[in-house]
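In: Structure for this input, please:
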Amino acid sequence: MKKYVIALDQGTTSSRAMLIDRAGRPVASVQRPFPQIYPQPGWVEHNPHDLLSSQLGVLTELITGHSVSPEDIDSIGITNQRETTIVWDRATGEPITNAIVWQCRRTAPMVEALTADPTVAAEITARTGLIPDAYFSASKLAWILGEVPGARARAEAGELAFGTVDSWLIWKLTYGAVHATDVTNASRTMLYNIHENRWDPYLLELFGIPEALLPEVRPSAGDFGVTANPGLVQGVPIRGVAGDQQAALFGQCCFGPGQAKNTYGTGCFLLMHTGHDACTSKNGLITTVAASAPGTVGTEYALEGSVFVAGALIQWLRDELGIIDDVRETDAIARSVPSTGGVMVVPAFTGLGAPWWDAEARGAILGLTRGAGRAHIVRAALEALAYQVCDLVQAMADDAGLPPSVLNVDGGASSNDFLMQFQADMLGCPLRRPANAETTALGAAFLAGLATGFWPSTEALLALREGEDRFLPTFDDAERAARLAAWRAAIARIRS
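Out: Numbering: from 1, shown residues only. Predicted coordinates:
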């Protein structure tokens, strides 16, 4: 009887391997950071060898350091930073240049030039569900083909392979036997038609991408080969792959329409499952492919929206304002006053996202009086995180006609009980915080374990959710409306 599924979680700043048992509990975890590369302002790169060595390193350390027998391992699931773009030589397995990271803005002028014609921009959105942006892989790949000497000719000759980070890891884990990605990662490239489930010929021509470069697209709970790298345990099936936010949605057991999760990290990522309906957003949200359980007929979709500044606001209170020493203090500090005393923080450090989309807006602290102090500002900052999520949830409910019945939460700031209670109060729906907050890794493991039969069904996964914290709303509709009106008045004050 196999005992564990291993989740490989390849993130933007570190790689992690996690051992997960049949009860869905993380038994052991190993994490290792790797260098960030900033060649020019606005450019962000990773050395693909750093991604690989850190990920293989933590996998090896997990197995050897915790005395895991190869016979104990059922399968491997992979989750990864999305959109980051790697091109390598099929014969040697060597990357032809550094990975261009999702955060990199070097191709923004390229995307602006391509989409100067609004019909082109509309066509991209109609096919991919994405708002055209340098964030996604298409322009990054076009840049590599145009800037690395000989790359385009070699790509057209079939000598090169493109992949997001999952494809790179799969290639290396299987020792070059499998060049594949899953539907969730493919849907973030801006080259994949999410309605026809294929690489889109129009988009490939628009960005000048030879189809010979591209990986095969497979279901998230699918067959991605077996480990064959000489430095690793051999023959372990790779059976689950999903981009990090879709993996977190699956790890939160959001398997059906209207189920949503919000990750409170540096920013916030809110995803709502919309079933087989690829909702077109009227509020600037993204339509993306959701990870599905094995045997699911047809493609399942999600709406996704981002809050640009969440945990980063609390770090700003600590690092720039110096009014807190530790982010964990904020819960008690916020509770030390009965209200914000009229203080409102709008953290538009990099503009406003959905549904406002005002890139030139800037942050402000409003409503200061002589009596306002540190605790009022801290409380107002936490409340601002909740208000931003309310704006996204309202935009999603408007797009999908599906207000969430419960919001599943994870990420670092979800440990703040004051914030979680205020979020429930402002949304008017319960919040559910799992005992295991590592939902991204858990989602990758769940996909792999379902594919192998390690877990029999999604119902069995739902039964594993125990020890959860629930936060129930206490505000009435009038109080909720008054607070949202004050928030929107503050937004109006800082609009560009």
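
In: What ranges does the stretch 51-200 of the chain have for its strands?
Out: Using DSSP state E, counting those that start in this stretch, the strands of the stretch 51-200 of the chain run over 73-80, 86-89, 99-100, 160-163, 180-182, 192-193, 198-199.

In: Over to the stretch 201-350 of the chain?
Out: 216-218, 238-243, 260-264, 268-275, 286-289, 301-307, 344-346.

In: nearest to residue 9, of the strands of the stretch 51-200 of the chain?
Out: Closest to residue 9 of the strands of the stretch 51-200 of the chain, according to Cβ to Cβ: strand 73-80, at 5.3 Å. Placement of C-beta: from N, CA and C, glycine included.

In: Which strands or helices does the closest one pack on?
Out: Contacts defined by 3 or more Cβ pairs under 8 Å, 6 or more residues apart in numbering; DSSP states H and E place strand 73-80 against strand 4-10, helix 165-173, strand 238-243, helix 244-251, helix 439-452.

In: CA-only coordinates of the shortest one, as CSV, when you get a sec.
Out: Taking Å, rounded to 0.1, in the frame of the first residue of the first chain, the C-alpha atoms of strand 238-243 are listed here in CSV:
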residue,chain,number,x,y,z
ILE,A,238,3.9,12.2,-12.6
ARG,A,239,0.1,12.4,-12.6
GLY,A,240,-1.0,15.9,-11.6
VAL,A,241,0.0,19.3,-13.0
ALA,A,242,-1.6,22.8,-12.5
GLY,A,243,-0.6,26.4,-12.3
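
In: Do me a favour and average the pLDDT over it.
Out: Mean pLDDT, strand 238-243: 97.

In: So which residues make contact with it?
Out: 75-80, 82, 164, 166, 170, 173-174, 178, 181-182, 184-185, 188, 218, 220-227, 250, 291, 443-452 (Cβ atoms under 8 Å, 6 or more residues apart in numbering).

In: State the distance from residue 139 to residue 82.
Out: 15 Å (Cβ to Cβ, to the nearest Å).

In: so residue 429 makes contact with residue 408?
Out: No. Using Cβ atoms under 8 Å, residue 429 makes no contact with residue 408, being 11.0 Å away.

In: Show me which of those two is the more surrounded one.
Out: Set residue 429 next to residue 408 and count neighbours by other Cβ atoms under 10 Å: residue 408 wins out with 26 against 18.

In: Dump the helices and strands packed on strand 73-80 to a markdown table, plus mean neighbour count and distance to residue 59.
Out: Output for the helices and strands packed on strand 73-80, formatted as a markdown table (neighbours: other Cβ atoms under 10 Å; distance: least, Cβ to Cβ, whole Å):
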| stretch | mean neighbour count | distance to residue 59 |
| --- | --- | --- |
| strand 4-10 | 28 | 6 |
| helix 165-173 | 27 | 9 |
| strand 238-243 | 31 | 12 |
| helix 244-251 | 30 | 17 |
| helix 439-452 | 29 | 13 |
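
In: how about the ones you listed, which one is nearest residue 385?
Out: Comparing these by Cβ to Cβ, helix 244-251 comes nearest, at 17.6 Å.

In: so where's this protein shaky on pLDDT?
Out: 466-467 (pLDDT under 70).

In: And residue 55, how far from residue 168?
Out: 9 Å.

In: longest helix anywhere in the chain?
Out: helix 374-400 (DSSP state H).

In: Identify each buried residue in that one, please.
Out: 375-397, 399-400 (16 or more other Cβ atoms under 10 Å).

In: circling back to that earlier point, among the strands of the stretch 201-350 of the chain, which is the most enclosed?
Out: The highest mean neighbour count among the strands of the stretch 201-350 of the chain, using mean count of other Cβ atoms under 10 Å, belongs to strand 238-243: a mean of 31.

In: Return the residues in contact with the closest residue to residue 282 other than its chain neighbours.
Out: The shortest distance from residue 282 to any non-neighbouring residue, by Cβ to Cβ, 6 or more residues apart in numbering, is to residue 399 (6.0 Å). Residues counted as contacts of residue 399 (Cβ under 8 Å, 6+ apart) are 279-283, 285, 303.

In: Please indicate which of those are buried?
Out: Looks like those have 279, 281, 283, 285, 303 buried, using 16+ other Cβ under 10 Å.

In: now, the most widely separated pair of those residues?
Out: Maximum distance among the buried ones among the contacts of residue 399 (Cβ to Cβ): 10.5 Å, for 279 and 283.

In: before we move on, back to that, CSV for the buried ones among the contacts of residue 399, including distance to residue 65?
Out: Listed next are the buried ones among the contacts of residue 399 as CSV, based on distance: Cβ to Cβ, whole Å:
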residue, distance to residue 65
279, 45
281, 45
283, 47
285, 42
303, 40
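
In: Give me the contact list for stretch 403-412.
Out: 248, 251-254, 258-265, 268, 272, 311, 327, 393, 396-397, 420, 423-424, 427, 429-434, 437-440.

In: what's around residue 364, how many residues?
Out: Neighbours around residue 364, by other Cβ under 10 Å: 15.

In: What's the separation between the residue lying closest to residue 72 once chain neighbours are set aside and residue 57?
Out: Using Cβ to Cβ, 6+ apart and skipping the chain neighbours, the partner closest in space to residue 72 is residue 3 (4.3 Å). Residue 3 sits at a distance of 23 Å from residue 57 (criterion: Cβ to Cβ).

In: and what of residue 461?
Out: Distance from residue 461 to residue 57, by Cβ to Cβ: 29 Å.

In: So which of these two has more stuff around it?
Out: residue 461 (21 against 16).

In: hang on, that one is in a helix, isn't it?
Out: Yes. Counting by DSSP: H, G, I helix; E, B strand; the rest coil, residue 461 is located in a helix.
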